[in-house]
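Engineer: Need coordinates for the below:
(one chain, ligands or ions: 2)
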Amino acid sequence: MSNVMRLVVLLSGNGSNLQAIIDACEEQTIQGQIVGVISNRADAYGLERARKAKIPTHTIDHTLFKARESFDQALINMIDSYEADLIVLAGFMRILTEGFVQHYQGRLINIHPSLLPAYKGTNTHERVLAEGATVHGASVHFVTAELDSGAVVAQVKVPVEAYDTASTLAERVLRYEHVLYPTVLQWFCTGRLRLGKDGAYLDGELIDTPLQLVVEP
Ligand code: NHR
Ligand code: GAR
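Structural biologist: Residues are numbered from 1 along each chain as shown. Ligands and ions are numbered 1, 2, ... in the order given. As a prediction, the model looks like this:
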């Protein structure tokens, strides 16, 4: 009963994706256990959500480190003390060094608020609106050293409405994320999803185009 996958979640903010993952673990729609939550900001509401769920929390404040390498090493030391099988980025807002990413090759996964490869980086909702796109979305990808460029596993499309502001759009995207992310994490936790040399595999088959999930948010 205790050989389920051990997840460590990294976040920087509200943690609504963390909440979706906590709920899925409790309902056993994810057969995994969140063994720790780490934030780079002491005031992240996600830490409060973790405490309520009796999950150990830590803050590693990036502003206390002179170099990205030393911050990342502190993260590595903390994560490895939990013997994590999978490191889940959930609204984590610090770019990670190549050394960090290589240490967790195939065990580091992120959710990004766009239909990758479109709109890498930050402020995706603002940029989608500025360009007048009618479809937006979210992607789950394995993390590699190049930002938002690792193998994309699955995506959801989200409609853009004429009245949208960045905030109403972000809210809608999040509701889809809360279904997408637990789904993909369960694939990993059941051994169906892995990262190979040439990309991500689901049930032994290369994902050559990101899987399109159709979900009820
Ligand atoms: N690290 C690597 N190496 N590769 C990725 O794909 C990563 C990553 C770290 C985080 C999440 C990410 C996203 O989904 C992520 C993917 C932060 C920034 C950023 O510019 C960009 C992308 C992502 C996270 N961060 C600034 C920095 O200097 C700080 C911005 C801030 O604090 O608000 O690190 O989009
Ligand atoms: C989510 O939309 C996530 O995709 C995005 O931040 C939000 C976090 O919300 N991630 C990034 O932009 C990473 N750069 P949450 O804290 O409520 O889960």
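
Engineer: can you map out the strands along this protein?
Structural biologist: 5-11, 32-39, 57-59, 86-89, 108-112, 135-142, 152-159, 193-196, 199-202, 205-206, 211-212 (DSSP state E).

Engineer: who's in contact with the nearest residue to R127 once chain neighbours are set aside?
Structural biologist: If the residues on either side of it in the chain are set aside, R127 comes closest to Y119, at 5.6 Å by CB to CB, 6 or more residues apart in numbering. Where you see a C-beta, it was placed from the backbone N, CA and C, and this is true even at glycine. Listed by CB atoms under 8 Å, 6 or more residues apart in numbering, the contact set of Y119 reads P113, R127, V128.

Engineer: What distance do you get for Y119 to P113?
Structural biologist: Here Y119 is placed at a distance of 8 Å from P113 (CB to CB, to the nearest Å).

Engineer: how near is A130 to E98?
Structural biologist: 31 Å.

Engineer: related to what we said a few turns ago, quick one: closest of the strands of the chain to ligand 2.
Structural biologist: The minimum distance between ligand 2 and these falls on strand 108-112, with 4.6 Å, by CB to the nearest ligand atom.

Engineer: Alpha carbons of that closest one, in CSV - could you do that?
Structural biologist: Output of strand 108-112 as CSV, limited to C-alpha atoms (Å, rounded to 0.1, in the frame of the first residue of the first chain):
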residue,chain,number,x,y,z
LEU,A,108,10.2,16.6,-13.9
ILE,A,109,6.9,17.8,-15.3
ASN,A,110,5.2,21.2,-15.8
ILE,A,111,1.9,22.6,-16.7
HIS,A,112,2.1,25.7,-18.9
